[in-house]
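Chemist: take this sequence and fold it.
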Amino acid sequence: MEFFGGFRIWVLSLCLIFQSGYGFYLPGSYPLKHVVGDDLSVKVNSITSIDTEMPFSYYSLPFCTPPGGVKDSAENLGELLMGDRIENSPYLFKMYKNQTDVFLCQTDPLTDDQLKNLKERIDEMYQVNLILDNLPAIRYTKKEGYPLRWTGYPVGINVKGSYYVFNHLKFKVLVHKYEETNVASVMGTGDAAGVISSISKQELDVPGYMVVGFEVVPCSPLHKVDLAKNLKMYEKYPNPVQCDPGSVSMQINKGQPIVFTYEVTFEESDIKWPSRWDAYLKMEGSKVHWFSILNSLMVITFLAGIVLVIFLRTVRRDLTRYEELDKEAQAQMNEELSGWKLVVGDVFRAPANPALLCIMVGDGVQLLGMGIVTILFAALGFMSPASRGTLITGMLFFYMILGVAAGYVAVRLWRTICCGDHRGWISVSWKAACFFPGIAFLILTTLNFLLWGSGSTGAIPFSLFVILLLLWFCISVPLTLVGGYFGAKAPHIEYPVRTNQIPREIPPQKYPSWLLVLGAGTLPFGTLFIELFFIMSSLWMGRVYYVFGFLFIVLVLLVVVCAEVSLVLTYMHLCVEDWKWWWKSFFASGSVALYIFLYSINYLIFDLKSLSGPVSATLYLGYSLFMVLAIMFTTGTVGFLSSFWFVHYLFSSVKLD
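Modeler: The predicted structure is shown next:
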């Protein structure tokens with residue numbers, strides 16, 4: 001009872017700590033009440049383009065700067081890695097107070113470099129990304145009668161060689177009356193009423209609103225420079241501004257300043273605060289998306305079921321037939337029949353490069369665990385788009401923690417291959433901690449130099465490089481060594497049969513075995529290629545991906561199919577007396593990465609036709625290579641572990657000595 005009493009005191013203390021600062025909650029997951037007349041500040045993110053895939057700072061272009069100077073907003077590790085640079089902007093609203101013809105600023109005359117930079121950004125179709133109350137600005141357009149939605153607005157437009165900039169923004173802010181959730185009143189009751197501060201009744205009675213929508217319409221009216229000479233920021237522009245999205249007038253030229261203005265209207269909406277992200281999460285062709293995913297799941301599940309049933313029946317019949325024979329018949333059968341029974345003395349012979357296999361399997365377990373836990377948390381809503389960067393941050397956190405699993409699996413497999421020998425476990429666990437992260441570090445550093453040379457905000461700052469290295473060597477590596485220590489202490493897996501000293505000669509095969517191994521990746525690829533299209537569209541076309549529930553189902557199905565494919569291939573190799581199954585079982589399912597990389601090249605050629613410049617193409621291929629290597633480690637590990645379990649179970653079920 002004393003333990004539970006102390007536990008309750010500890011939990012209450014933790015809650016009090018979290019409650020300091022009016023509560024602890026995930027960013028964007030709690031409604032903010034704004035009273036009429038309250039200031040609403042608009043923030044800016046990096047400008048982005050699907051043509052170059054290189055983000056740049058908003059203030060790299062000649063835009064208006066805030067009166068107090070540019071200030072960075074609080075950023076997490078994931079935002080920095082994704083290239084997000086959220087900063088304050090000069091756009092300022094008053095809650096539920098419409099404003100028209102608001103003068104923002106007049107820039108200095110454009111220099112040659114500024115004009116060239118603007119023209120390049122317009123040609124490359126860069127989008128300006130604005131944020132209000134954690135909601136990105138959304139723009140609605142129509143193409144051939146179909147409504148389209150975009151996040152952000154273009155910097156400008158090129159019309160027959162003449163460049164026009166969008167210098168007037170028409171904002172619409174959708175608001176909903178604040179609804180008290182009674183959270184404060186509940187937290188102010190009980191024994192802790194004197195400790196936890198609650199919202200006063202007078203404050204609750206003040207009418208307020210929540211921001212549930214943020215829309216923008218860009219225009220390019222021709223402002224008169226003379227009228228804006230003596231105006232100060234937020235004063236009214238003398239001439240009424242006509243915002244016509246269908247026409248452009250503000251042409252940019254050398255030595256000419258640009259006048260920026262804006263207007264804002266507030267509109268009460270029936271959209272409730274929990275549903276305000278629905279407009280961003282709706283993808284075009286969503287019905288096709290759901291139907292394709294469901295159809296793929298049904299077909300693959302049916303096909304995998306057939307393979308599993310046939311496979312189990314074949315093996316079970318073979319085992320039953322063998323066990324029914326007496327010892328003399330078994331001996332005669334061993335001499336007369338070919339197949340997996342003849343490789344009993346070689347099936348557990350150590351493979352080539354055993355340390356490398358153990359390291360790759362250990363890293364694969366770490367990546368697989370990271371993927372499952374991250375997607376599961378995202379499917380449960382803990383990593384919503386409102387919390388920018390949390391997905392990447394969560395992946396890094398789970399990857400580091402699961403270093404324990406990588407070290408344990410790698411070292412225990414190493415000791416199993418070495419028949420219980422403890423020597424070399426420190427080297428194996430150390431290499432497991434550095435192998436895949438080292439490859440990732442090499443690829444990302446090379447790509448980062450390209451981004452640095454282009455001046456992109458997607459480049460990882462040097463300080464962040466230092467932080468990543470510290471996380472790697474101060475957290476991930478020690479945890480992997482700890483896992484390796486436990487793997488060295490755990491009992492190794494005993495082989496059910498003895499290994500002959502002289503290797504058995506493998507009969508010549510009709511077809512190269514590696515050809516069959518590479519072809520085996522087509523079935524796992526079939527489970528995910530439809531979902532892969534939507535993931536690629538999210539990564540490279542600027543769309544929001546948030547169907548993590550389906551992604552989790554596809555991941556589970558992929559694991560099952562990889563295991564089945566590797567089992568079937570391993571059994572087929574053993575039946576033709578090919579006892580070198582270790583690496584082949586790894587690449588039988590890991591070869592799906594080859595088809596994903598080929599699909600990435602196909603996506604680059606046919607879907608990203610407008611991707612401009614060798615730097616952009618190199619970035620795309622580099623990130624794709626990083627992705628497929630992680631997938632190869634993950635799927636290969638699933639295939640190898642399932643095949644190892646099957647071979648161990650198969651030869652321990654029948655006494656072949």
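
Chemist: state the mean pLDDT of the longest helix seen in the chain.
Modeler: Longest helix in the chain, counting residues (DSSP state H): helix 614-653. Helix 614-653 shows a mean pLDDT of 92.

Chemist: thought residue 374 was touching residue 395?
Modeler: Yes: look at residue 374 against residue 395 with C-beta atoms under 8 Å: they come within range, at 5.1 Å. C-beta coordinates here come from the backbone N, C-alpha and C atoms, glycine included.

Chemist: who's in contact with the spatially closest residue to residue 570 that is not a sequence neighbour?
Modeler: Residue nearest to residue 570 in three dimensions, not counting chain neighbours: residue 643, with 4.2 Å by C-beta to C-beta, 6 or more residues apart in numbering. Listed by C-beta atoms under 8 Å, 6 or more residues apart in numbering, the contact partners of residue 643 are 566-567, 569-570, 581, 585, 588.

Chemist: between those residues, which sits nearest residue 383?
Modeler: The closest of those to residue 383 turns out to be residue 566 (C-beta to C-beta; 30.9 Å).

Chemist: ok, the closest one touching residue 585?
Modeler: Yes: using C-beta under 8 Å, residue 566 is in contact with residue 585, at 4.8 Å.

Chemist: overlap in contacts of these two?
Modeler: Shared contacts of residue 566 and residue 585, defined by C-beta under 8 Å, 6+ apart, comprise 639-640, 642-643.

Chemist: quick one: which of these has the most company?
Modeler: Among the shared contacts of residue 566 and residue 585, residue 639 has the most neighbours (other C-beta atoms under 10 Å), with 34 neighbours.

Chemist: tell me who's in contact with that one.
Modeler: If you count contacts by C-beta under 8 Å, 6+ apart, residue 639 has them with 562-563, 565-566, 585-590.

Chemist: state the distance from residue 461 to residue 557.
Modeler: Using C-beta to C-beta, to the nearest Å, we find residue 461 at a distance of 39 Å from residue 557.

Chemist: those two - which one has more neighbours?
Modeler: Neighbours were counted for residue 461 and for residue 557 using other C-beta under 10 Å; residue 557 has more, 18 against 12.

Chemist: surely the more buried one forms part of a helix?
Modeler: Yes: counting by DSSP: H, G, I helix; E, B strand; the rest coil, residue 557 falls inside a helix.

Chemist: can you report how many residues lie near residue 232?
Modeler: 8.

Chemist: which residue packs closest to residue 52, ignoring adjacent ones?
Modeler: residue 616 (4.8 Å).

Chemist: could you measure from the one you found over to residue 117?
Modeler: Residue 616 is 17 Å from residue 117, by C-beta to C-beta.

Chemist: settle it for me: which of those two has more neighbours?
Modeler: More crowded of residue 616 and residue 117, by other C-beta under 10 Å: residue 616, with 22 against 17.

Chemist: now do the same contact list for that one.
Modeler: Residues near residue 616 by C-beta under 8 Å, 6+ apart: 51-54.

Chemist: turn these into TSV, including secondary structure, pLDDT and neighbour count.
Modeler: As requested, the contacts of residue 616 are arranged in TSV below (DSSP: H, G, I helix; E, B strand; the rest coil; pLDDT from 0 to 100; neighbours: other C-beta atoms under 10 Å):
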residue	secondary structure	pLDDT	neighbour count
51	coil	86	17
52	coil	86	23
53	coil	84	25
54	coil	90	24
